[in-house]
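A.B. asks: generate coordinates for the sequence data below:
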Amino acid sequence: MRSTVGKPAAFLLCLSLACIVPPLLATKKEKPASTANEQKRAVHALNRLTFGPRPGDVEQVSAMGVDRWIDQQLHPEKISDDSIETRLSALRTLHMSTKELREEFPDQQMIRQVMDGRRSMPSDPPRRAIYEVQIARLRQKQDKRDQKEPAIAPEQAPQGPSASESAKTAEELAAAAASADAAPNGDTSGTNAANTSSGDIPASMSANEMSMNPPAETKMTPEEEAEARRREDRLYADLKVQSLVDLSPDERYKKVMELTPDERLAFAETMRGAKGVEFVTGMNPRQKETLLAMNNPQMVIVEELSQAKLLRAIYSERQLEEVMTDFWFNHFNVFVGKGPERFLITHYENEVIRPRALGKFEDLLVATAKSPAMLFYLDNWLSVGPNSMQAQGMPERPIRYGPYGRPRRFPNPNARRRQNNGLNENYGRELLELHTLSVNGGYSQRDVTEVAKVFTGWTIERPAEGLGFRYDPRMHEPGPKFVLGHKIKSKGEDEGKEVLHMLATSPQTAHFISLKLAQRFVSDDPPAALVDRMADTFQKKKGDIREVLATLFHSPEFWADDTYRAKVKTPLEFVASAARATGADVQDAIPLVMKLDNMGMPLYRSQPPTGYSMKSDAWVSSSALLNRMNFALAFTSGKVRGVKVDATQLAGGPPSPPDPNALLSAMEEKLLAADVSKQTHDSIVSQMSSNGAASPSGNASQPKPPDASLIAGLLLGSPEFQRR
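C.D. replies: All right, here's what the predicted structure looks like:
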């Protein structure tokens, strides 16, 4: 990515590299006299328990009392959060079941079933339109594959497109675009190029330039014919888009729905990126989803979930609940790019993680273990015990046992066995290493194998239909297991519950979870004494996460001077805190989601089960900080689509203080509670001086007024704002 920052901004970048890891306490212009200072405590609490303070938050928390505010955040059920629900109401997928998501936004398996007649075509027009476009896309791909078969002899090659397969000529395309508004049902046949409106097709574009058809005498291969038709379809669709952009949103949607499936497919190809977003602006949620789903149905689910995550982080009043939801999702990470996870993750975050984010750890552990998202991600749903009924080919009907536990009816060795995927240890290993005991938790490879046997049979009920957890005794490994020196008696599904309880109440788990929480809220290397006290609370309170956090938030280590602005923000924390600090109005969160992709933190796309790191060394580099600086400058100057930032309001707004120094001081107070180092302050002053060297008319005696947007961007890109 090319640098877009000026010299003083580049100096800030160098300053960030030098100062972002060590504390800046020694370089602040002013330092509160005591850590007991209520305003400083409010700033610290807001930086750690939320995604960053908003304008007015510091004063509000100080007036309420920091301890009382912390207690309120620990009980989110007592906090009204109606405003965020209003913002999320347009994201329909958040309120759909997994089964509904799969039917509304089908994957290729579902599309093929409809195409092959194994499933009926939906009768609902919007849903039907999505299926028709995806079927047209699959058939187009099949045609491409068929055309790659051994070519026929040259003398047998077709002489240009046949009459039955002829595409629209350039004149027909121009006429179609011109008459798109007048022709009913999208029918543009019989029109003439002479009737084309000059506003639809550029006058400089000749018919020859528009035509994708070669002269009739030119010989074409089938592949060339097909590609020519596709180019014509895309051109036609692009012209159609041009003719529709000035219509009302409802009329735009209606015209697209009147197109044939092949025309809609070509239309979808032209609607990728910003053009597509602009085209659906003003449409209702169902209309938007329908048109965007024509490109990639499942991406609508992922994008709406990503928007919701950012909007909650920015606007939810239940900030600690959102911080902890993000923490636990990262701890129990699943990857959206694996198979049907796109259908499963919405339920996983909203129904499994968030309701238990401040509850009992064991409840959360069991819920994740039974979640289809986790079962699929770590392949446990396919895990089959080597001595299970399924592996041995035993029939599905019940088997009667004799007095010594032996089956009266033995399996037929010639019977057709169902697919046996074997024992899968993925979940057993991650359960011990990442979810509970930690990599140094004292378990062995044998423990991993035994835990994997315990969880055989924990599978998904009809996964193709998006249903939930099911225990299948035929997949379960029979007999006792030995885990961490404990004998687990053979008792089917209850074996897994016993192991989860044993792990959730283990002292090693208490220490590991306490360590990770301290790393999130205190420092990358938290004091051992604090972690020990938290672990003690964890065990005494039976894994009550709220109680463990209360121990943390009321500890002297949490309030120590060297923890103040000592944690480097992840990209999610940085972007959300920038929006909160500036009071931004986010009408479309997708551009912010894309910025997170550029910063190396695409939401729900951490492929390894470790999730994203909370430590500074994962996020501090020259390129990473340059991306943040460029984002900050674009963000405050109104160059991030869908987001409005009023920088003048940050300066006490309008009119802004005419004195540059007064303006800078006001904005330092608003955005950073005046916690700005001398180096950062001087760098911004230098930038302001350079920017105001001459007036717009060239008269140096009339300097330009200070640029509030630029100052805000430089402050957001400063080393102080990069940390919380």
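
A.B. asks: going by C-alpha atoms from here, please, whenever you check contacts or count neighbours.
C.D. replies: OK.

A.B. asks: and the closest residue to T563 other than its chain neighbours, how many neighbours?
C.D. replies: Distance criterion C-alpha to C-alpha, 6 or more residues apart in numbering; nearest residue to T563, sequence neighbours excluded, is V522 at 6.3 Å. When counting by other C-alpha atoms under 10 Å, one arrives at 26 neighbours for V522.

A.B. asks: please apply the same query to V323.
C.D. replies: 20.

A.B. asks: and what of L259?
C.D. replies: 17.

A.B. asks: and it, backbone torsions?
C.D. replies: The phi/psi pair for L259 (degrees, to the nearest 10) reads phi -70, psi 160.

A.B. asks: R54 too?
C.D. replies: phi -100, psi 170.

A.B. asks: who's in contact with L603?
C.D. replies: S306, V593, L596, D597 (C-alpha atoms under 8 Å, 6 or more residues apart in numbering).

A.B. asks: equivalent analysis for L91, please.
C.D. replies: Applying C-alpha under 8 Å, 6+ apart, the residues contacting L91 are P285, E304, A308.

A.B. asks: can you check L88 too?
C.D. replies: A308, L311.

A.B. asks: ok, now how distant is it from E304?
C.D. replies: Distance, L88 to E304, by C-alpha to C-alpha, to the nearest Å: 9 Å.

A.B. asks: buried among the contacts of L91? Make that a PyMOL selection.
C.D. replies: Per 16 or more other C-alpha atoms under 10 Å, the buried members of those correspond to this PyMOL selection:
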select buried, resi 304+308
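
A.B. asks: can you list the domains in the chain?
C.D. replies: 7-35+567-716, 94-148+165-300, 316-395+421-504, 508-563 (automatic domain parsing).

A.B. asks: in helices only, show me the contacts of L91.
C.D. replies: P285, E304, A308 (DSSP state H).

A.B. asks: returning to that earlier point: pick the one among the contacts of L91 closest to Q390.
C.D. replies: Nearest to Q390 out of those is E304 (C-alpha to C-alpha; 39.8 Å).

A.B. asks: gap between that closest one and L292?
C.D. replies: From E304 to L292 the distance is 11 Å (C-alpha to C-alpha).

A.B. asks: the residue nearest in space to the middle of the chain sits in which helix or strand?
C.D. replies: The centre of the chain sits closest to L603, judged by C-alpha atoms, centre = their mean, with a distance of 3.0 Å. Under the criterion of DSSP states H and E, L603 resides outside all helices and strands.

A.B. asks: before we move on, the earlier item: would you mind giving the ones in helices among the contacts of L91 as CSV with distance to K639 added?
C.D. replies: Rendered in CSV, the data for the ones in helices among the contacts of L91 read as follows (distance: C-alpha to C-alpha, whole Å):
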residue, distance to K639
P285, 25
E304, 22
A308, 22
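
A.B. asks: low-confidence ranges in the stretch 1-150 of the chain?
C.D. replies: The stretch 1-150 of the chain contains residues with pLDDT under 70 at 1-36, 148-150.

A.B. asks: how about the helices in it?
C.D. replies: 7-19, 38-49, 57-64, 66-73, 82-88, 98-104, 108-115, 125-147 (DSSP state H, counting those that start in this stretch).

A.B. asks: so for D262, which of the ones you listed sits nearest?
C.D. replies: Once those are compared by C-alpha to C-alpha, helix 125-147 is nearest, at 6.1 Å.

A.B. asks: helices or strands up against that closest one?
C.D. replies: Secondary-structure packing of helix 125-147 (3 or more C-alpha pairs under 8 Å, 6 or more residues apart in numbering; DSSP states H and E): helix 108-115, helix 222-244, helix 261-270, helix 285-293.

A.B. asks: mean pLDDT lowest for which of the ones you listed?
C.D. replies: Mean pLDDT is lowest for helix 222-244 out of the helices and strands packed on helix 125-147, coming in at a mean of 64.

A.B. asks: right, and the helix or strand after that one?
C.D. replies: Assignment by DSSP H and E places the next element after helix 222-244 at helix 249-257.

A.B. asks: got the CA coordinates for that following helix in CSV?
C.D. replies: C-alpha atoms of helix 249-257 as CSV (Å, rounded to 0.1, in the frame of the first residue of the first chain):
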residue,chain,number,x,y,z
PRO,A,249,-35.3,2.2,-5.5
ASP,A,250,-38.6,0.3,-5.9
GLU,A,251,-38.6,0.8,-9.7
ARG,A,252,-34.9,-0.3,-9.9
TYR,A,253,-35.7,-3.5,-8.0
LYS,A,254,-38.8,-4.2,-10.1
LYS,A,255,-36.9,-3.8,-13.4
VAL,A,256,-34.1,-6.2,-12.3
MET,A,257,-36.7,-8.8,-11.1
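
A.B. asks: residues making contact with it?
C.D. replies: Contacts of helix 249-257 (C-alpha under 8 Å, 6+ apart): A129, N185, G186, L244, V245, R264, V280, T281, G282, M283, Q287, L291.

A.B. asks: just the buried residues from those residues, in PyMOL please.
C.D. replies: Those of the contacts of helix 249-257 that count as buried under 16+ other C-alpha under 10 Å are selected in PyMOL with:
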select buried, resi 129+186+244+264+280+283+287+291
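
A.B. asks: want to try CSV for the contacts of helix 249-257, with distance to E349 as columns?
C.D. replies: Shown next, in CSV, are these (distance: C-alpha to C-alpha, whole Å):
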residue, distance to E349
A129, 29
N185, 42
G186, 42
L244, 38
V245, 37
R264, 34
V280, 28
T281, 28
G282, 29
M283, 28
Q287, 26
L291, 26
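
A.B. asks: among the helices of the stretch 1-150 of the chain, which is nearest W458?
C.D. replies: helix 98-104 (18.7 Å).

A.B. asks: now do stretch 528-545: everything it contacts.
C.D. replies: 357-362, 504-505, 507, 510-511, 513-515, 518, 547-549, 551-552, 555, 557.

A.B. asks: can you tell me which of the residues you listed are classed as buried?
C.D. replies: 357-358, 360-362, 504-505, 507, 510-511, 513-515, 518, 547-549, 551-552, 557.

A.B. asks: coming back round to it: so the residue nearest to T563 makes contact with F558?
C.D. replies: Yes. With contact defined as C-alpha atoms under 8 Å, V522 counts as touching F558 (5.7 Å).

A.B. asks: can you tell me which of the helices of the stretch 1-150 of the chain is nearest to D617?
C.D. replies: helix 7-19 (11.4 Å).

A.B. asks: pull the contacting residues for F553.
C.D. replies: By C-alpha under 8 Å, 6+ apart, F553 lies in contact with I70.

A.B. asks: also the one 4 residues further on?
C.D. replies: Taking C-alpha under 8 Å, 6+ apart as the definition of contact, the neighbours of E557 are V522, P527, L530, T563.

A.B. asks: just the ones of the residues you listed in strands?
C.D. replies: Residues from the contacts of E557 lying in strands, with DSSP state E as the criterion: none.

A.B. asks: out of the residues you listed, which two are the most distant from each other?
C.D. replies: L530 and T563 (13.2 Å).

A.B. asks: these two: which has the busier surroundings?
C.D. replies: A side-by-side neighbour count of L530 and T563, using other C-alpha under 10 Å, places L530 first with 20 against 17.

A.B. asks: do you know how far the more buried one is from L437?
C.D. replies: 19 Å.

A.B. asks: repeat that for Q392.
C.D. replies: 34 Å.

A.B. asks: out of the two, which sits in the busier spot?
C.D. replies: Using other C-alpha under 10 Å, the more surrounded residue of Q392 and L437 is L437, with 23 against 18.

A.B. asks: I'd guessed the more buried one sits against M502; true?
C.D. replies: No. Counting by C-alpha under 8 Å, L437 sits too far from M502 to count as a contact (10.7 Å).

A.B. asks: give me the neighbour count for S690.
C.D. replies: Other residues close to S690 by other C-alpha under 10 Å number 12.

A.B. asks: roughly how far does it sit from K567?
C.D. replies: 32 Å.
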